[in-house]
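Participant: turn this into a model:
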Amino acid sequence: MRLILALTVIAFHSVVTSYGHAYQSAFTQTPFGHLFSVILPMFFALSGFLVAGSLERAKGLTTFLGLRAFRIFPALIVDTIFCALIIGPLVTTLPWQDYFQHADFQHYMGNALGIIHYHLPGVFQNNPSDLVNGQLWTIPMELECYIVIAGLALFGTHLRPRLFAALILGFSLVLEARVLWAGASPWAGRTLVMCFLAGIALYINRAAIPWSRALFLLCAAFTVASLFDQRLVYLSPFPAAYTTAYLGLTNPTKIALLKKGDYSYGLFLYGFPIQQVLVYQFPWARDWYLNILTAIPLTFIFAALSWHWIESPILERKVILKKIQSRVPRNPFATLLAGRRSA
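Facilitator: Here you go, the predicted structure:
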């Protein structure tokens, strides 16, 4: 499921990399373009659903946060270096000395820490879009998700499934009320965080939630409808989470290639810059379908290298986190709530 969503993101970005931001804005207002608006909410809902399982298995907040850092930052650091030190110098219109001394180059290196900057000096200036990696705008949202769940986990809220779900539902309704009655503007980033939290709520309440095709169809229809009308966007997290989990739990047979690793994060990191390089180098890549057909296999290569050379070796060192966790005092808040739950 995560792989399919990552590939769909690459397909969507063929519009902006081939034709520019104005064309993308116009495309997203079409009925077909609106359907792409469900990709990121589903991505974050799936992430929340899977991360909840990680939190449950981690047996401690230190291990959980360490695993999240292991999963995100090493590959992100390498991607940042790749864009800034390999792609940038090869395509920049500036002399190398000016390129490396430019403030944009220095700011771009902050991407390695989740401080996102989109431009490198003189890079992709003649492309329809001059962003180096526009997809990285979701990284701060993902980090915010982990901060929020860490705060909730600190007080053991995740050990009270119904309370957790009620809190997330209540906050969604408050946000929706601000849009409908106070005239507040909905924000895509906040919607993604709420979808992430809804995915967690769905996972920890999974024993009480029915597996129903009818409910899936209803949630899928409501998700699309709420995202078509931005005034209803904060009602989408739970329907989006159920839709995503239902599709993911159908568990289709994996092809042999996909059994060798999780390439979704690498596809996420490298898709946009590879599309930009193709558009820069080859005029024919400005046709969206050729952009997709060429970018996907190339991105798969980079994603596989990222998984086998960076992500997987780092994750294999998670035993270090367990040793650290064993030295951390037990969380009194979570212990208290766990005791009440057992009682």
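Participant: who's in contact with the helix ranked longest in the chain?
Facilitator: Ordering each helix of the chain by length in residues (DSSP state H) puts helix 61-82 first. With C-beta atoms under 8 Å, 6 or more residues apart in numbering as the test, helix 61-82 has contacts from 51, 54-55, 58, 108-109, 111-114, 133, 139, 142-143, 146, 150, 153-154, 265-266, 269-270, 273, 306, 310-311, 314-315, 317-318, 320-322, 324-325, 328, 331, 334. C-beta: built from backbone N, CA, C; applies to glycine.
Participant: at 6 Å what do you get?
Facilitator: 55, 58, 111-112, 146, 150, 153, 265, 269, 306, 310-311, 314-315, 321, 324-325, 328 (C-beta atoms under 6 Å, 6 or more residues apart in numbering).
Participant: buried set for it?
Facilitator: For helix 61-82, burial by neighbour count (16 or more other C-beta atoms under 10 Å) applies to 61-68, 70-76, 78-80, 82.
Participant: picking up where we left off before, give me the buried entries from the contacts of helix 61-82.
Facilitator: Here, 16+ other C-beta under 10 Å leaves 55, 58, 111-112, 146, 153, 265, 269, 306, 310-311, 321, 325 buried among the contacts of helix 61-82.
Participant: out of those, which are inside strands?
Facilitator: Among the buried ones among the contacts of helix 61-82, DSSP state E puts none in strands.
Participant: pick out whichever of the residues you listed sits closest to T30.
Facilitator: L269 (28.1 Å; C-beta to C-beta).
Participant: ok, the closest one - contacts?
Facilitator: L269 makes contacts with D79, as judged by C-beta under 6 Å, 6+ apart.
Participant: could you check how far it is from F73?
Facilitator: 12 Å (C-beta to C-beta, to the nearest Å).
Participant: I'd say L267 and F302 touch.
Facilitator: No: contact criterion C-beta atoms under 6 Å: L267 and F302 do not qualify, at 8.4 Å.
Participant: what's in contact with the one helix or strand I296 maps to?
Facilitator: Per DSSP states H and E: I296 is located in helix 288-306. The contact list for helix 288-306 (C-beta under 6 Å, 6+ apart) reads 10-11, 14, 18, 75, 263, 266-267, 270-271, 274-275, 278, 284-285.
Participant: likewise stretch 104-117?
Facilitator: By C-beta under 6 Å, 6+ apart, stretch 104-117 touches 77, 80, 84, 119-121, 136, 139, 143.
Participant: kindly recompute the last result at 7 Å.
Facilitator: 76-77, 80, 84, 99, 119-121, 136-137, 139-140, 143 (C-beta atoms under 7 Å, 6 or more residues apart in numbering).
Participant: and it, what's buried?
Facilitator: In stretch 104-117, counting by 16+ other C-beta under 10 Å, buried: 104-105, 107-109, 111-112, 116-117.
Participant: end-to-end on that stretch?
Facilitator: 8 Å (C-alpha to C-alpha, to the nearest Å).
Participant: distance check, P161 against I81.
Facilitator: 41 Å.
Participant: do S129 as well
Facilitator: 22 Å.
Participant: any idea how far E176 is from G170?
Facilitator: For G170, the distance to E176 - C-beta to C-beta - is 11 Å.
Participant: for W96, that is, sorry about that
Facilitator: Distance, W96 to E176, by C-beta to C-beta: 51 Å.
Participant: tell me which of these two has more neighbours.
Facilitator: E176 (20 against 10; other C-beta atoms under 10 Å).
Participant: just checking, that one touches Y234?
Facilitator: Yes: the pair E176 / Y234 is scored as a contact, 4.0 Å apart, by C-beta atoms under 7 Å.
Participant: what segments of the stretch 101-250 of the chain are helices?
Facilitator: In the stretch 101-250 of the chain, the helices defined using DSSP state H, counting those that start in this stretch lie at 103-108, 139-154, 161-180, 188-204, 213-228, 237-248.
Participant: which stretch among those helices comes nearest Q29?
Facilitator: Using C-beta to C-beta, the helices of the stretch 101-250 of the chain put helix 213-228 closest to Q29, at 10.3 Å.
Participant: any buried residues in the closest one, and which?
Facilitator: Buried, per 16+ other C-beta under 10 Å, within helix 213-228: 216, 219-220, 222-224, 226-227.
Participant: okay, the angle between that helix and helix 188-204?
Facilitator: For helix 213-228 against helix 188-204, the angle by axes from the mean of the first three to the mean of the last three C-alpha atoms, to 10 degrees is 170 degrees.
Participant: C-alpha coordinates for helix 213-228, CSV please?
Facilitator: This file holds the C-alpha atoms of helix 213-228, laid out as CSV (Å, rounded to 0.1, in the frame of the first residue of the first chain):
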residue,chain,number,x,y,z
ARG,A,213,-16.8,-3.8,2.6
ALA,A,214,-19.9,-1.6,2.9
LEU,A,215,-18.2,0.5,5.6
PHE,A,216,-15.1,0.7,3.4
LEU,A,217,-17.2,2.0,0.4
LEU,A,218,-19.0,4.5,2.6
CYS,A,219,-15.7,5.8,4.0
ALA,A,220,-14.0,5.9,0.6
ALA,A,221,-16.9,8.0,-0.8
PHE,A,222,-16.9,10.3,2.2
THR,A,223,-13.2,10.8,2.0
VAL,A,224,-13.3,11.8,-1.6
ALA,A,225,-16.3,14.0,-1.0
SER,A,226,-14.8,15.8,2.0
LEU,A,227,-11.6,16.5,0.1
PHE,A,228,-13.5,17.8,-2.9
